[in-house]
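1. Got a predicted model here, sequence first, then my questions.
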Amino acid sequence: MMAYWLFCGSPWQDQLSYNDARQQHYAELRALGLSPEFHHSMRQTKTQVAAFGIELLFRLDSLASWIEAQESWIFWRKFRTKPAAWDRHDEGARRQTIYASLIAALPTVFDGISDRFIAEVIDDFRRWTKPQWVKILKMAARIAERGERPVTELDTWVWWRYPIFSRYHWSAGEVCRAAREKFGAIHDVIT
């Protein structure tokens, strides 16, 4: 209960980040006829306590899925054109791709990165062999040369609706129909 209040109701909620996730969570609650405010009465019957528990678990699941969507959105936007960054089976290739992307972005990235993160990355750099360094630097040069592909409105829409699609078991066909309704036939996909 305290964790939910901290993110959705405390005076510090805006300093915790996740504002986009919180707004999506509130929109989902309103669509279901629930208030974004969640209060617990000390005098409840057993039935009310059970209903309170079910609603709290739903709210926590909803909020957690929106926070996960926001975190994944950040990661996906950065690494969507680099398949090795998503390879669960080859951690070395994944880390090399991530570091190559970081090196490629060095001219613009230092303003938003903490000193601790930079120190951790530099410490990881010591682990690479010369052939691995050659591979990382070549990859960084290709990434910097290619630049980033802009994120489309459809990309954003699908990503931010994924928790809804997942939680309410939408089929691929339902997602495609909703995308066509929102964006028109220009974004037609095979169903």
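-> It's in.
2. tell me which residues of whichever helix or strand His25 is part of are tucked away?
-> Applying DSSP states H and E as the criterion places His25 in helix 19-31. Of the residues in helix 19-31, 21-22, 24-26, 28-29 count as buried by neighbour count, 16 or more other CB atoms under 10 Å. C-beta coordinates here come from the backbone N, C-alpha and C atoms, glycine included.
3. Show me which positions of the lengthiest helix in the chain end up buried.
-> Taking DSSP state H as the criterion, the chain has its longest helix at helix 46-79. The neighbour-count check on helix 46-79 (16+ other CB under 10 Å) flags 52, 59, 62-67, 69-70, 73, 77, 79 as buried.
4. what's the closest of the residues you listed to Arg161?
-> Ala69 (8.9 Å; CB to CB).
5. Look up how far His89 lies from the closest one.
-> 24 Å (CB to CB, to the nearest Å).
6. try Ala64
-> Distance from Ala64 to His89, by CB to CB: 26 Å.
7. In terms of secondary structure, what does the helix holding His25 contact?
-> helix 46-79, helix 153-167 (3 or more CB pairs under 8 Å, 6 or more residues apart in numbering; DSSP states H and E).
8. For the following helix or strand past the shortest one, which residues meet the burial criterion?
-> Counting by DSSP H and E, the next helix or strand C-terminal to helix 153-167 is helix 172-183. Of the residues in helix 172-183, those with enough neighbours to count as buried (16+ other CB under 10 Å) are 175-176, 178-179.
9. Repeat that for stretch 93-103.
-> Neighbour counts over stretch 93-103 (16+ other CB under 10 Å) mark 94-103 as buried.
10. Among those residues, give me the pair with the biggest separation.
-> Arg94 and Ile103 (15.2 Å).
11. residue contacts, Trp170?
-> Residues in contact with Trp170, defined by CB atoms under 8 Å, 6 or more residues apart in numbering, are 164, 178.
12. any idea how far it lies from Leu32?
-> For Trp170 relative to Leu32 (CB to CB), the value is 16 Å.
13. just Gly147 next, same as before
-> Taking CB to CB, one finds Gly147 at 42 Å from Leu32.
14. nearest residue to Phe79 other than its sequence neighbours?
-> Distances taken as CB to CB, 6 or more residues apart in numbering place Ala85 nearest to Phe79, at 3.8 Å, with adjacent residues excluded.
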